[in-house]
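Asker: requesting a structural model of the entry that follows:
(chains A and B)
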Protein chains: 2
Amino acid sequence: MDRFNRNNRIVAITKMLLGNPNKVISLNNFLEPLNAAKSTISEDIVIIRDTMEKLQLGKIETISGAAGGIKYIPKISKEEMNRFALDLCENLMNKERIVPGNFIYINDIMFNPKIISKAGIILSSFFEGQQIDYVVTVETKGIPLAYEVSKNLGVELIIVRRDTKVTEGPTVTINYVSGSSGRIQNMSLSKKSLKKGSRCIFIDDFMKAGGTAKGIMDLLKEFESQLLGIGVLVDNVELDRKLVTEYFSIIEFFGIDKDGESILKPSKFFK
Amino acid sequence: MDRFNRNNRIVAITKMLLGNPNKVISLNNFLEPLNAAKSTISEDIVIIRDTMEKLQLGKIETISGAAGGIKYIPKISKEEMNRFALDLCENLMNKERIVPGNFIYINDIMFNPKIISKAGIILSSFFEGQQIDYVVTVETKGIPLAYEVSKNLGVELIIVRRDTKVTEGPTVTINYVSGSSGRIQNMSLSKKSLKKGSRCIFIDDFMKAGGTAKGIMDLLKEFESQLLGIGVLVDNVELDRKLVTEYFSIIEFFGIDKDGESILKPSKFFK
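Answerer: As a prediction, the model looks like this:
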């Protein structure tokens, strides 16, 4: 059988932890493949934990008891969060992003893994320590971000549809009022999606008046489930009367000024 | 300034590599934060590379020259791939998945980060070494999988819409014929999505007759861009005359037998 030294083991354990955020991994999983004693693996983990702490690469928690083990919680430093939010504001301020109707084109941001994986770490850190069963989003633009958050929190994603699909079996459909346009819209979710009594958070790209978030709350009620929190990438703070009051955001959008430039700032959670 | 030993550096470098698949990272990026000489970092990397090779955790390539550095290519072993495909078949065979119309409910699979991250590594490994600019998908079910593939390949994702959105500016819309239903459908893509002359691959959850894949090919032509490859999670091989001939899949679906059970096997790429 192969022998592995400390360096080898540290590479393998680090990879296993990073690939399974927020999942409790029993030390027994490492013993056989790394051909090492539990005490040796424990020492390896102390080294990994201390390094991550020192370099602010994330947190490793030890869970004791029979179902215990270690789990990795993705984190980035406060400075990196601030830099990320500032860079994103600068990027979004580009005049070429404004499309007819004074919307900001953000597809390239929402679908860029380099940006979205960092935004996902920031948003999931707001919900750290809460017991969450699902991350919910509405199609389409926020899906990669919501997926990253669900991965970081170690749970499944649920994607609410604008219409029903024959491939998804019986669905529950609700009507909701878009807070900004006042129009009545639909959202649907397959009955197979969700267990009764689930604890969910809602992740989206943009928060305007909060109509969609309010709709999600109503839809989850139909599943006897709860919305525990909301996180968005961009909060449109032009509309100060929102249908939901508690939510996290990464940047705030103050509208477009008379020179046609978007006004954006890192959100209040970064002060 | 902090001093870091080899173990500390190995944790930090491993994390940096795993977080940036298929991106060339210059060794200079490590020198200052890790307070070490280039020769020391090079030795660290040799250890990481050898460990990953031995334990089949991925590949580290060295790119020489002025713009050189190292890059990490996610990989899993052949045995792990086979086990994954077999487990997935078993999971999908569950009779409760069949919904009216003889469709298989697969949302819980497509939106489960644990499953989709592994499927993403398998699909991206089919395109290793090709120069690719974008991963393209059509909303909605395949988005997390396509996102994982784009992340692994170090490129951006493009999501084609079923309809146009006011927030995305001018769009190009094409009609295509669904190969299985024969119906004419639309797909749209914002003109801002894609540069001329881009090289793309298409990733989706399910391949039936290949009408959607053919549509993507036509849509990309409108952007003077090329479709280089196709990868899907499930290939419906009941329909043996497809509109596209070359594509990769992870499992094959042979229809539902007279006892109402789905027949599924790992695809031919796993033999």
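Asker: please count neighbours and contacts with C-alpha atoms only from this point.
Answerer: OK.
Asker: name the nearest residue to residue A:69, ignoring sequence neighbours.
Answerer: Nearest non-adjacent residue to residue A:69, counting by Cα to Cα, 6 or more residues apart in numbering or on different chains: residue A:26, 4.1 Å away.
Asker: count the neighbours of the one you found for me.
Answerer: A count of nearby residues for residue A:26, using other Cα atoms under 10 Å in any protein chain shown, gives 17.
Asker: would you list the phi and psi of it?
Answerer: With angles defined as degrees, to the nearest 10, residue A:26 sits at phi -70, psi 140.
Asker: could you pull out the strands for chain A?
Answerer: For chain A, applying DSSP state E gives strands covering A:59-63, A:69-73, A:98-99, A:103-104, A:134-138, A:156-160, A:171-177, A:184-190, A:199-207, A:226-236, A:248-256, A:262-266.
Asker: need these in CSV (columns: mean pLDDT).
Answerer: Listed next are the strands of chain A as CSV, based on pLDDT from 0 to 100:
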stretch, mean pLDDT
strand A:59-63, 96
strand A:69-73, 97
strand A:98-99, 93
strand A:103-104, 92
strand A:134-138, 98
strand A:156-160, 98
strand A:171-177, 95
strand A:184-190, 95
strand A:199-207, 97
strand A:226-236, 97
strand A:248-256, 96
strand A:262-266, 96
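Asker: while we're on residue A:271, how confident is the model there?
Answerer: Per-residue confidence at residue A:271 stands at 69 (pLDDT).
Asker: how many neighbouring residues does residue A:196 have?
Answerer: A count of neighbours around residue A:196, defined by other Cα under 10 Å, yields 12.
Asker: can you check residue A:101 too?
Answerer: By other Cα under 10 Å, 9 other residues sit near residue A:101.
Asker: circling back to that earlier point, could you dump the strands of chain A into CSV and include mean neighbour count?
Answerer: Below are those laid out as CSV (neighbours: other Cα atoms under 10 Å in any protein chain shown):
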stretch, mean neighbour count
strand A:59-63, 16
strand A:69-73, 21
strand A:98-99, 18
strand A:103-104, 18
strand A:134-138, 25
strand A:156-160, 25
strand A:171-177, 17
strand A:184-190, 19
strand A:199-207, 24
strand A:226-236, 22
strand A:248-256, 22
strand A:262-266, 20
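Asker: wait, residue A:215 touches residue A:184, no?
Answerer: No - look at residue A:215 against residue A:184 with Cα atoms under 8 Å: they stay out of range, at 10.6 Å.
Asker: where do the contact lists of these two overlap?
Answerer: When contacts are counted by Cα atoms under 8 Å, 6 or more residues apart in numbering or on different chains, residue A:215 and residue A:184 are jointly contacted by A:175-177.
Asker: any chance of the residues you listed in JSON lines, plus distance to chain B?
Answerer: Formatted as JSON lines, these follow (distance: Cα to the nearest Cα, whole Å):
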{"residue": "A:175", "distance to chain B": "20"}
{"residue": "A:176", "distance to chain B": "19"}
{"residue": "A:177", "distance to chain B": "18"}
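Asker: could I get these as CSV with distance to residue A:119?
Answerer: Below are those laid out as CSV (distance: Cα to Cα, whole Å):
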residue, distance to residue A:119
A:175, 30
A:176, 28
A:177, 28
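Asker: out of these, the closest to residue B:83 would be?
Answerer: Using Cα to Cα, residue A:175 is the member of the shared contacts of residue A:215 and residue A:184 that lies nearest residue B:83, at 43.2 Å.
Asker: check contacts around the residue nearest to that closest one when sequence neighbours are not counted.
Answerer: With sequence-adjacent residues excluded and distances taken as Cα to Cα, 6+ apart, residue A:175 is closest to residue A:186, at 4.6 Å. Counting by Cα under 8 Å, 6+ apart, residue A:186 touches A:162-163, A:173-176.
Asker: with residue A:53 instead?
Answerer: Residue A:53 neighbours (Cα under 8 Å, 6+ apart): residue A:59.
Asker: what of residue A:36?
Answerer: residue A:30.
Asker: hmm, back to that, any idea how far residue A:61 is from the residue nearest to residue A:69?
Answerer: Residue A:26 sits 12 Å away from residue A:61 when distances are taken as Cα to Cα, to the nearest Å.
Asker: what residues are shared contacts of those two?
Answerer: Joint contacts of residue A:26 and residue A:61 (Cα under 8 Å, 6+ apart) are residue A:70.
Asker: middle-most residue in chain A, spatially?
Answerer: residue A:149 (2.3 Å; Cα atoms, centre = their mean).
Asker: isn't that one up against residue A:116?
Answerer: No - applying Cα under 8 Å as the test, residue A:149 and residue A:116 come out as separate, 9.5 Å apart.
Asker: still on that earlier bit, distance of the residue nearest to residue A:175 relative to residue B:172?
Answerer: Counting by Cα to Cα, the gap between residue A:186 and residue B:172 amounts to 26 Å.
Asker: now residue A:68
Answerer: With distances taken as Cα to Cα, residue A:68 is found 53 Å from residue B:172.
Asker: same check on residue A:178?
Answerer: Distance from residue A:178 to residue B:172, by Cα to Cα: 27 Å.
Asker: go on, residue A:219?
Answerer: 34 Å.
Asker: what's the answer for residue A:262, then?
Answerer: Relative to residue B:172, and taking Cα to Cα, residue A:262 is found at 26 Å.
Asker: for the spatially closest residue to residue A:215 that is not a sequence neighbour, give the beta-bridge partners.
Answerer: Spatially, and ignoring its direct neighbours in sequence, residue A:215 is nearest to residue A:176 (5.3 Å; Cα to Cα, 6+ apart). According to DSSP bridges, the partner residues bridging residue A:176 are residue A:185.
Asker: tell me who's in contact with the nearest residue to residue A:24 once chain neighbours are set aside.
Answerer: The shortest distance from residue A:24 to any non-neighbouring residue, by Cα to Cα, 6+ apart, is to residue A:71 (4.7 Å). Counting by Cα under 8 Å, 6+ apart, residue A:71 touches A:17, A:20-25, A:60-63.
Asker: what's the answer for residue A:150, then?
Answerer: Counted by Cα under 8 Å, 6+ apart, residue A:150 has contacts A:124, A:134-135, A:156-157, B:113.
Asker: equivalent analysis for residue A:9, please.
Answerer: Residue A:9 touches A:34, A:41, A:44, counting by Cα under 8 Å, 6+ apart.
Asker: which ones among those residues lie within helices?
Answerer: Using DSSP state H, the subset of these located in helices is A:34, A:41, A:44.
Asker: I'd say the first one and residue A:4 touch.
Answerer: Right, residue A:34. Yes - counting by Cα under 8 Å, residue A:34 touches residue A:4, with 6.5 Å between them.
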